[in-house]
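Asks: Coordinates only, no sequence provided:
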């Protein structure tokens, strides 16, 4: 529900990041400086101009685990990683890494035939629920469960609640509750706009305006009136909708049919055997590579070439590993993607994905440790559910399963906006322990498929590559720093936010230090100055 509320709140927002005033924010706002430009960017251009002029940078390989990439994009072609040993070898696998033809990276969501690939997939909660349904469906008390399976049982109950929530009927109910939650703001807006305390759906139908915000708000109110009896007024609407939503909620139940095994039908590996790892194909443009292409541009789109956008890092090569479908990713694919990146020389790995369940969490945890052993930094999106991830699990998780210690080579990123009420993006997950930093993630302009196309997207998926790009920038100018030192530099150099911010989950004003470990937004200028002091 919180995710829907956040999305609806964007429409009503009067902040410069959203709504009709978005055009007043520069397209490259995330690279700008707060004092000079009036937006909470990362002071990147200031860092290039004042600190990095005439300095030599080493090229850094950044791996992106995502949906794929447009390898023909004008702003990305020059920065794509080329596995030169593989380029002339075709299916013979000249570098003997087990992945024949991996010139730009690898696709773990495909068959041996590059034309056959996974695109759509199910939620992990659905897969988890049906996997253990026969074991727990008839359990009525925890006392009936073996002690060693109690945690599994609680996870199953949580998966059951989630599959109900994401079902078509469940989402309809959540939408109603979400609309009710923002109703006071919406009603206040219209009573002021219409200059009347009482009105009906028919009154809204006669509203003539070119005001974008009013039109958007009218659509929201229309969604509410659609569920009401003809002639009902705005004063009667909340009580009617509350009863309607409550009655619908009473009838919700878990689906009876298991989700389609989209991945299994295509990949045909032995999923339960982690040693069966050499599957997939080299087609990293399969399906819809929009998300991965956008992420790649944020990190490393060619700077100062007169085209589109400037990436954060100016000396970077990008390796794409396709492991994220339209749906929840699979633990095995993510674990192997991390290992592939490490084995092929990546120093930074961006992970703009996540899910609420991780049945094979140990595989991913071992891969994170493998990256740590090889001095590789992982940068991960915090998620877009407006949830406290200290309380609500979100994976991959930086905490180890047994000792609950944080991985020292992983940095988790929440999303920020340019100013005002949007300083913490209303969709962003947060957590005083799990989320390390915030970074720009609202209306970030970057590359999309089409060869020469660009667009703004919002999400922690956009904030994570801002930090991954910053990590690559630090690595390129200060290659002697370890992954853990780069993480420390980024965290210690954040721009502290002293003004209260809106908690995405509760709507309350809180210090930013309550939403992340550092209580600030990453800052390239301060990070470069701090990195200079590290020996």
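Replies: Received the coordinates, thanks. All of these numbers come straight from a predicted model, not from anything done at the bench.
Asks: quick check, residue 380 in a helix?
Replies: No: per DSSP: H, G, I helix; E, B strand; the rest coil, residue 380 lies outside any helix segment and is strand.
Asks: count of residues packed around the closest residue to it other than its chain neighbours?
Replies: Spatial nearest neighbour of residue 380, chain neighbours left out: residue 351 (4.5 Å); criterion: Cβ to Cβ, 6 or more residues apart in numbering. Where you see a C-beta, it was placed from the backbone N, CA and C, and this is true even at glycine. When neighbours are defined as other Cβ atoms under 10 Å, residue 351 has 29 of them.
Asks: How about the one 3 residues further on?
Replies: Using other Cβ under 10 Å, residue 354 has 25 neighbouring residues.
Asks: quick one: contacts for it?
Replies: 380, 381, 382, 383, 394, 395, 396 (Cβ atoms under 8 Å, 6 or more residues apart in numbering).
Asks: Likewise for residue 260?
Replies: Applying Cβ under 8 Å, 6+ apart, the residues near residue 260 are residue 122.
Asks: Are there helices or strands packed against the longest helix along the chain, and which ones?
Replies: For the chain, the longest helix by residue count, based on DSSP state H, is helix 168-194. Using 3 or more Cβ pairs under 8 Å, 6 or more residues apart in numbering; DSSP states H and E as the contact criterion, the elements in contact with helix 168-194 are helix 2-12, helix 150-166, helix 212-225, helix 237-250.
Asks: Next, the buried residues of the third one.
Replies: Within helix 212-225, the residues that count as buried by 16 or more other Cβ atoms under 10 Å are 213, 214, 217, 218, 220, 221, 224, 225.
Asks: Bridge partners for the residue nearest to residue 380, pull those for me.
Replies: In this entry, residue 351 is beta-bridged to residue 65, residue 380, by DSSP bridges.
Asks: now residue 318, what's its secondary structure?
Replies: strand.
Asks: Go ahead and confirm the residue nearest to residue 380 touches residue 377.
Replies: No: look at residue 351 against residue 377 with Cβ atoms under 8 Å: they stay out of range, at 11.0 Å.
Asks: Give the helix, strand or coil label for the residue most central in space within the chain.
Replies: Nearest to the mean C-alpha position of the chain, counting by Cα atoms, centre = their mean, stands residue 461 at 3.2 Å. Of the three states, residue 461 takes helix according to three-state DSSP.
Asks: for the nearest residue to it once chain neighbours are set aside, what are its contacts?
Replies: Excluding the flanking residues, the one nearest residue 461 by Cβ to Cβ, 6+ apart is residue 352, at 3.7 Å. Taking Cβ under 8 Å, 6+ apart, we find residue 352 in contact with 64, 66, 291, 295, 380, 381, 459, 460, 461, 462, 464, 465.
Asks: now stretch 440-457: mean pLDDT?
Replies: Regarding stretch 440-457, the rounded mean pLDDT is 97.
Asks: End to end on it, go ahead and measure it.
Replies: Between the start and the finish of stretch 440-457 there is a gap of 11 Å, counting by Cα to Cα, to the nearest Å.
Asks: now swap in stretch 85-105 and tell me
Replies: Stretch 85-105 end-to-end distance (Cα to Cα) = 13 Å.
Asks: buried ones in it?
Replies: Quick answer for stretch 85-105 (16+ other Cβ under 10 Å): 86, 89, 93, 97, 99, 100, 101, 102, 103, 104, 105.
Asks: can you check stretch 418-430 too?
Replies: In terms of neighbour count (16+ other Cβ under 10 Å), stretch 418-430 has its buried residues at 418-430.
Asks: Report the residue ranges of every domain in this structure.
Replies: Residue ranges for the domains of the chain, per automatic domain parsing: 25-120+269-531, 124-166, 168-250.
Asks: Would you mind finding the most buried of those domains?
Replies: domain 25-120+269-531 (a mean of 21; mean count of other Cβ atoms under 10 Å).
Asks: Please give the centre-to-centre distance between it and its chain.
Replies: 9 Å (Cα atoms, centre = their mean, to the nearest Å).
Asks: For the contacts of residue 352, give me TSV that also has distance to residue 178.
Replies: Below are the contacts of residue 352 laid out as TSV (distance: Cβ to Cβ, whole Å):
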residue	distance to residue 178
64	32
66	29
291	24
295	28
380	27
381	23
459	18
460	20
461	22
462	23
464	26
465	29
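Asks: so which of those residues comes closest to residue 144?
Replies: residue 380 (37.2 Å; Cβ to Cβ).
Asks: wait, which of the buried residues of stretch 85-105 is closest to residue 472?
Replies: Nearest to residue 472 out of the buried residues of stretch 85-105 is residue 105 (Cβ to Cβ; 16.2 Å).
Asks: so where's the chain uncertain?
Replies: Within the chain, the set of residues satisfying pLDDT under 70 comprises 1-23, 88-91, 212-213.
Asks: Which stretches in it count as strands?
Replies: Secondary structure of the chain (DSSP state E): strands located at 60-66, 105-107, 316-322, 348-351, 377-381, 410-416, 437-440, 444-448, 453-457, 495-496, 501-502, 509-510, 520-521.
Asks: The fifth one versus strand 410-416: what angle between them?
Replies: Read that as strand 377-381. With axes from the mean of the first three to the mean of the last three Cα atoms, to 10 degrees as the basis, strand 377-381 and strand 410-416 are set at 30 degrees to each other.
Asks: Same check on the third one?
Replies: Direction vectors for strand 316-322 and strand 410-416, defined by the same axes, to 10 degrees, enclose an angle of 90 degrees.
Asks: and the angle from strand 316-322 to strand 60-66?
Replies: 20 degrees.
Asks: For the stretch 301-450 of the chain, which segments are assigned as helices?
Replies: Ranges of helices in the stretch 301-450 of the chain, per DSSP state H, counting those that start in this stretch, are 331-343, 361-373.
Asks: Distance-wise, check residue 514 relative to residue 421.
Replies: Residue 514 sits 17 Å away from residue 421, going by Cβ to Cβ, to the nearest Å.
Asks: Over to residue 382?
Replies: 19 Å.
Asks: who's in contact with residue 180?
Replies: 238, 241, 242, 245.
Asks: and of these, the nearest to residue 174?
Replies: For these, the nearest to residue 174 is residue 245 (8.9 Å; Cβ to Cβ).
Asks: Skipping adjacent residues, who's closest to the closest one in space?
Replies: Nearest one to residue 245, counting by Cβ to Cβ, 6+ apart, is residue 176 at 4.0 Å.
Asks: and what of residue 449?
Replies: Closest to residue 449 by Cβ to Cβ, 6+ apart is residue 70, at 4.0 Å.
Asks: related to what we said a few turns ago, for residue 503, which of the helices and strands packed on helix 168-194 is the nearest?
Replies: Per Cβ to Cβ, nearest to residue 503 of the helices and strands packed on helix 168-194: helix 2-12, 10.9 Å.
Asks: My read is that residue 473 contacts residue 312, right?
Replies: Yes: contact criterion Cβ under 8 Å: residue 473 and residue 312 qualify, at 6.2 Å.
Asks: For the two, list the residues in contact with both.
Replies: 44, 524.
Asks: how much space between the closest residue to residue 100 other than its chain neighbours and residue 103?
Replies: The shortest distance from residue 100 to any non-neighbouring residue, by Cβ to Cβ, 6+ apart, is to residue 93 (3.9 Å). Note on residue 93: its distance to residue 103, by Cβ to Cβ, is 12 Å.
Asks: Name the residues contacting each of these two.
Replies: Jointly contacting residue 93 and residue 103 under the rule Cβ under 8 Å, 6+ apart are residue 86.
Asks: was I right about residue 347 contacting residue 376?
Replies: Yes: at 6.0 Å, residue 347 and residue 376 qualify as touching, with contact defined as Cβ under 8 Å.
Asks: Residue 425 versus residue 438, what's the distance?
Replies: Distance from residue 438 to residue 425, by Cβ to Cβ: 8 Å.
Asks: Residue 168 too?
Replies: To residue 425, residue 168 is 27 Å away according to Cβ to Cβ.
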